[in-house]
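Visitor: Pasted the sequence and its predicted model underneath.
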Protein chains: 2
Amino acid sequence: MDIHKTDAQIADALKAVSGRESVTDIFFVACGGSFSLMLTTQYITDREASRINGIALNAAEFTARAPKTLGRNSLVIACSHSGTTPETVEAIRFARQAGALTISLTNVLGSPLDDASEFTIAYKHTPLEMSSHHSAAILSRLALGIVKVREGNNKADDFEAALTTLPRLVDQKIADLKGEIATFAEAHKRDSVIYTMASGSNYGVAYCYAICLFQEMLWIHSAAIQAGEYFHGPFEVTDFDVPFVQLMGVGPTRAIDERAFSFAQKYSRRVTALDARKLGISDFPESIAEYLTPLLFTPILRAYMEKLAEAKGHPLTVRRYMWKLEY
Amino acid sequence: MDIHKTDAQIADALKAVSGRESVTDIFFVACGGSFSLMLTTQYITDREASRINGIALNAAEFTARAPKTLGRNSLVIACSHSGTTPETVEAIRFARQAGALTISLTNVLGSPLDDASEFTIAYKHTPLEMSSHHSAAILSRLALGIVKVREGNNKADDFEAALTTLPRLVDQKIADLKGEIATFAEAHKRDSVIYTMASGSNYGVAYCYAICLFQEMLWIHSAAIQAGEYFHGPFEVTDFDVPFVQLMGVGPTRAIDERAFSFAQKYSRRVTALDARKLGISDFPESIAEYLTPLLFTPILRAYMEKLAEAKGHPLTVRRYMWKLEY
């Protein structure tokens, strides 16, 4: 994959959005891990767009729901790693038929999703590294790029600049955390349930790790708890031996994370917190730091999962149903 | 509570929405069980409103996120049973300050939420019964009422008519299911994990039962799986002994439920499905049947939970943290 080509693809997509002034709604549609990214993208849109609404929906749900506002005023942004996810391809076809502008991300050019979309952006897949061409980074660049071309919001510039140094920080932190990661893996290798918890820009990361890593790849029961919801139900399952992985972000939702962490670590001995502040995020401009934290947590948590998989003797590549059966 | 007064409160709120033509966005904000209702309300708005966007957010997340579109063009609908939930009261104050029109539902008139809101609607709390004055019913009446007064969409009329007979159907089905409910309770009384699964209008019900009933009231690990997401991660935890409670709706998302059910019941021996069709929903007009299913499932599932609580010797009123500690 040629990263200069990716940059040009992003620029082309943004040019199209800039030219379509009727666009007032963005639907972010995908499935599973790709859908998890859309939760962050909606967050950015909610925070930064004055005149554009964002809504993230699972692709099958989107097509079935058939939002009544969908049409010429809509932009639909989709993502599928293989570009073959049937629900996502169908969602894009449905959206395009309805008159929406369509932009897709995929790892595979020439895939059905690429063919179905007006604009396609190819991304690099590097689970243990961050880069400006990682799918999560591209979606955030796109969201900030849209508010730049449409509303003159210039946070995209700070964000693009930060992406030149963030990858090194990620590599460094994964190296620094080697001991903690090994301890986590040994401590959790026999657990049958591990919860994840986050809020704001990081909730999508918690969701991804609950459904794709714990449930899918490791067959460990899990749920992503929205930290603001924790005190309204989920906290009652907290006990001394119940494990949580909590993401502590920065920005306006940090207080939500801190409140949940403060309680969880008091009643459970098994809370593993990744704190973006302690991981060096404060070196970046405050205006965009909260949008960088998901990009920091994603590869670092992956390192935790790879070590956990090793300690369990259950490689992350193992599946019992996915890609093996008709479903 | 005087139900005629509630009807008048709904009419007053709808009159205000009708008079505020600038309103193009609705934020549905609440916490926990009240938030779960908002997921259905957003679904109705997505399906039925041509020119109004809906977005459901946890109340703490809403205030922290501070959506940039929030202002004179916004309607904010909140719900808190006691009317004292601090995050929800703060969200309404924040929204009103920003110029939004505010409408709240609560069981307690004179509560801080009532005081903070421009319009308040009082509801009846009857977990084992449905009525047109149940919080879930009122929120759906409000969502359909809004598209009626603003866009001339008349589904509200069919919905109001259906609510006159739905309560009897619920009572009848709870009585009919007595044997199944007792069998479920015995079969699940020693389970440490029970998943819920649904899509479309019923996902909020699945979420409510996962976080408020299983996690909060019964201390059973749980997660609400969006049925469209099931095949993109969560389905890998399915095994012969893993229990699922699946809601099978009607309308456009039924195919999503059927696909998930078909897989889950093939690889788990412990799937309990509540099928709205078998529960008699097809007697209602197709145009609104999908909005009635959450109102059918909510009290019926409660009957399952009460029996499960009895079989476990763990009353639904027991808490270890909620209302007992500072948090």
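Guide: Thanks, I have it. Please read these numbers as outputs of a predicted model, since none were measured by experiment.

Visitor: From now on I want contacts and neighbour counts done on CA atoms only, so please keep to that.
Guide: OK.

Visitor: Tabulate the CA atom coordinates of the helix or strand containing residue A:197 in PDB.
Guide: Under the criterion of DSSP states H and E, residue A:197 resides in strand A:195-198. The C-alpha coordinates for strand A:195-198 follow below in PDB (Å, rounded to 0.1, in the frame of the first residue of the first chain):
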ATOM      1  CA  TYR A 195     -14.900  -6.200  31.600                       C
ATOM      2  CA  THR A 196     -13.700  -3.100  29.700                       C
ATOM      3  CA  MET A 197     -14.700   0.400  30.700                       C
ATOM      4  CA  ALA A 198     -14.300   3.800  29.100                       C
END
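
Visitor: Run through who's touching whichever helix or strand comes after it.
Guide: Under the assignment DSSP H and E, the closest C-terminal helix or strand after strand A:195-198 is helix A:203-208. Residues from elsewhere that reach helix A:203-208, judged by Cα atoms under 8 Å, 6 or more residues apart in numbering or on different chains: A:32-33, A:36-40, A:196-198, A:223-226, A:246-247, A:294, A:297-298.

Visitor: What about those residues, which are in helices?
Guide: Of the contacts of helix A:203-208, the ones assigned to helices by DSSP state H are A:32, A:33, A:36, A:37, A:38, A:39, A:40, A:294, A:297, A:298.

Visitor: what ranges do the helices span in the stretch 151-300 of chain A?
Guide: A:155-162, A:166-176, A:178-188, A:203-208, A:254-267, A:286-312 (DSSP state H, counting those that start in this stretch).

Visitor: For the residue nearest to the spatial centre of chain A, list the residues it contacts.
Guide: Nearest to the mean C-alpha position of chain A, by Cα atoms, centre = their mean, lies residue A:37 at 2.7 Å. Contacts for residue A:37 (Cα under 8 Å, 6+ apart) come out as A:136, A:139, A:204, A:205.

Visitor: Next, count neighbours for the closest residue to residue A:33 other than its chain neighbours.
Guide: Distance criterion Cα to Cα, 6 or more residues apart in numbering or on different chains; nearest residue to residue A:33, sequence neighbours excluded, is residue A:208 at 5.4 Å. Around residue A:208 sit 24 other residues, with neighbours defined as other Cα atoms under 10 Å in any protein chain shown.

Visitor: And residue A:208, how far from residue A:216?
Guide: According to Cα to Cα, to the nearest Å, residue A:208 and residue A:216 sit 10 Å apart.

Visitor: Surely residue A:8 is within a strand?
Guide: No: per DSSP: H, G, I helix; E, B strand; the rest coil, residue A:8 lies outside any strand segment and is helix.

Visitor: Now for it, how many residues are close by?
Guide: Residue A:8 has 12 nearby residues by other Cα under 10 Å.

Visitor: Check residue A:137 too.
Guide: 23.

Visitor: same question, the one 4 residues further on
Guide: Using other Cα under 10 Å, residue A:141 has 22 other residues around it.

Visitor: Which of the ones in helices among the contacts of helix A:203-208 sits closest to chain B?
Guide: The nearest member of the ones in helices among the contacts of helix A:203-208 to chain B, counting by Cα to the nearest Cα, is residue A:32 at 4.7 Å.

Visitor: The closest residue to that closest one other than its chain neighbours: what's it in contact with?
Guide: Spatial nearest neighbour of residue A:32, chain neighbours left out: residue B:232 (4.7 Å); criterion: Cα to Cα, 6+ apart. By Cα under 8 Å, 6+ apart, the residues touching residue B:232 are A:31, A:32, A:33, A:211, A:212.
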